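K.L.:
Build the 3D model from these lines:
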Amino acid sequence: MPVINRIADYAEDMRTWRHWLHRHPELGFALHRTAGFVAERLRAFGVDEIHEGIATTGIVALINGRGEGPTIGLRADMDALPIQELSGVDHASETPGVMHACGHDGHTTMLLGAARYLAETRNFSGRVALIFQPAEEDGAGGDVMVKAGIMERFAIARVFGMHNAPENPAGHFAVAPGPVMAGTAEFHVTVTGNGGHGAMPHTCIDPIPPLIAMVQAFDTIVSRSNKPTDDLVISVTQLNAGSATNVIPGVATFAGTVRAFDAGVIDMVERRMGEVVAGVAAAFGVGADLVYDRGYPPTINDPDAAALAALVASDVVGAARVGPGEPVMGAEDFAYMLAARPGAYLFLGQGDTPFCHHPAYDFNDAIAPVGASFFARLVEVAQPRTGQGSGADGSLRRE
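P.N.:
Model (predicted):
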């Protein structure tokens, strides 16, 4: 089936919602205006319950289907980024230095569109939990909502999320089992020597040579400590030392990021970095300190849930427009929800546009009805009304 006709009927309403959200971006957990807008729409749609103030500004709204059944969770993130917008669109951000540069305004709009349709039709059993989440970009809002107990409180059995994908054909889906986005860590290394005059290095303990040795040794963690079939990225992104050409500094620092699809690999990197830093420091006679901060864990799709998502996506846009895609080294805090419940995270192409986090980025309104149709159809297929369902293997059937 194509985009659901009823959802196509209010595509212009969705555009209006999305443009309002884009003009009024908010950061982190402080999404008071955004959450108020979402709750107002949900009340107008006639959802059965609206639970506000979860993780400060998060919302979980419930829609009851026709007949007993489990609860399926659908999640959208709502926060923006601290970037000055340069898109030039008529609906550009009205808040200096803040913009929806990752399409969360579009994600929220797609879930609102699905909510409106599901509240009208209720052509499913059990319940759907609509999860509107703050602080995906910075703050691990997904983790905070899970720790607030939303999975248990609302008896969510499975959970699904979606992200727009610039540079992928508009309206094409990508979904696959297993790891789809990386887990992360940040490292910060401080090397402490004894500074002095650059003309008399023998009177100093220069921290720069051991810093260089550590950076070079970190590269070998990827090539020599990691299993070649396990994807791993270590990027040194900051180097800081000295303030004058004739002064040997007393302290030098460097920092960077780690990306991997396996939490065990991230553990290994921490161990090896610690060994490298300690060993090099001892060899050069300097002090050294490593701080290793874990970020979001890997985003890992449940195989059965990924297969269901692919089936539904094929139903909406046709099998030729659905593929496995490739895992990406970006991170996503939906990982915490997938660690709490089986589910899947998929990508919806939005065409040849600037990439996410670019100041000229803007969500493609044309794909909003596609994403909303996917969410709505997912609920109907996953939790069909009696006599209208799918087989045990998720295949569609007519009775």
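K.L.:
biggest helix in the chain by residues?
P.N.:
With secondary structure taken from DSSP state H, the chain has its longest helix at helix 263-284.
K.L.:
just the helices in the chain please.
P.N.:
Remark: helices assigned in the chain by DSSP H are 5-9, 11-23, 32-45, 104-121, 141-147, 150-153, 208-220, 263-284, 303-317, 334-340, 368-382.
K.L.:
Report the distance from the fourth one to the chain centre.
P.N.:
How far helix 104-121 lies from its chain's middle: 19 Å, per Cα atoms, centre = their mean, to the nearest Å.
K.L.:
Next, the buried residues of it.
P.N.:
104-119, 121 (16 or more other Cβ atoms under 10 Å). All C-beta spots, glycine's among them, are computed from the backbone N, C-alpha and C.
K.L.:
The second one too?
P.N.:
Neighbour-count burial for helix 11-23 flags Ala11, Met14, Arg15, Trp17, Arg18, His19, Leu21, His22, Arg23 (criterion: 16+ other Cβ under 10 Å).
K.L.:
again with the first one
P.N.:
By neighbour count, with 16+ other Cβ under 10 Å as the criterion, the buried positions of helix 5-9 are Ile7, Ala8.
K.L.:
Tell me the helices and strands packed up against it.
P.N.:
helix 104-121, helix 368-382 (3 or more Cβ pairs under 8 Å, 6 or more residues apart in numbering; DSSP states H and E).
K.L.:
avg pLDDT for the last one?
P.N.:
So that's helix 368-382. For helix 368-382, the mean per-residue pLDDT is 98.
K.L.:
Now do the residue nearest the centre of the chain, the pLDDT please.
P.N.:
Taking Cα atoms, centre = their mean, the centroid of the chain lies closest to Glu332, which sits 2.7 Å from it. At Glu332, the pLDDT value in this model is 97.
K.L.:
Let me see the contact set for it.
P.N.:
When the contact criterion is Cβ atoms under 8 Å, 6 or more residues apart in numbering, the partners of Glu332 are Glu136, His163, Met181, Tyr296, Thr299, Tyr345.
K.L.:
Report the buried members of the residues you listed.
P.N.:
Glu136, His163, Met181, Tyr296, Thr299, Tyr345.
K.L.:
Just flag the most distant two among those residues.
P.N.:
Using Cβ to Cβ, the buried ones among the contacts of Glu332 span at most 13.5 Å, a distance reached by His163 and Tyr296.
K.L.:
so which of the buried ones among the contacts of Glu332 comes closest to Gly97?
P.N.:
Nearest to Gly97 among the buried ones among the contacts of Glu332 is Glu136, at 18.7 Å by Cβ to Cβ.
K.L.:
so the closest one touches Gly103, yeah?
P.N.:
No. Applying Cβ atoms under 8 Å, one finds Glu136 not in contact with Gly103, separated by 11.1 Å.
K.L.:
Spit out the contact partners of Trp20.
P.N.:
Residues in contact with Trp20 (Cβ under 8 Å, 6+ apart) are Phe37, His91.
K.L.:
mind checking how far it is from Gly36?
P.N.:
Remark: distance between Trp20 and Gly36 (Cβ to Cβ, to the nearest Å) = 12 Å.
K.L.:
for Gly88, same thing?
P.N.:
According to Cβ to Cβ, Gly88 and Gly36 sit 28 Å apart.
K.L.:
What residue spans form the domains of the chain?
P.N.:
5-179+299-382, 183-294 (automatic domain parsing).
K.L.:
Please work out which of those domains is packed deepest.
P.N.:
domain 5-179+299-382 (a mean of 21; mean count of other Cβ atoms under 10 Å).
K.L.:
how long is that domain end to end?
P.N.:
20 Å (Cα to Cα, to the nearest Å).
K.L.:
One more: stretch 196-206?
P.N.:
Between the opening and closing residues of stretch 196-206 there is a gap of 9 Å (Cα to Cα).
K.L.:
Stretch 186-203 now?
P.N.:
34 Å.
K.L.:
Brilliant, that's me finished.
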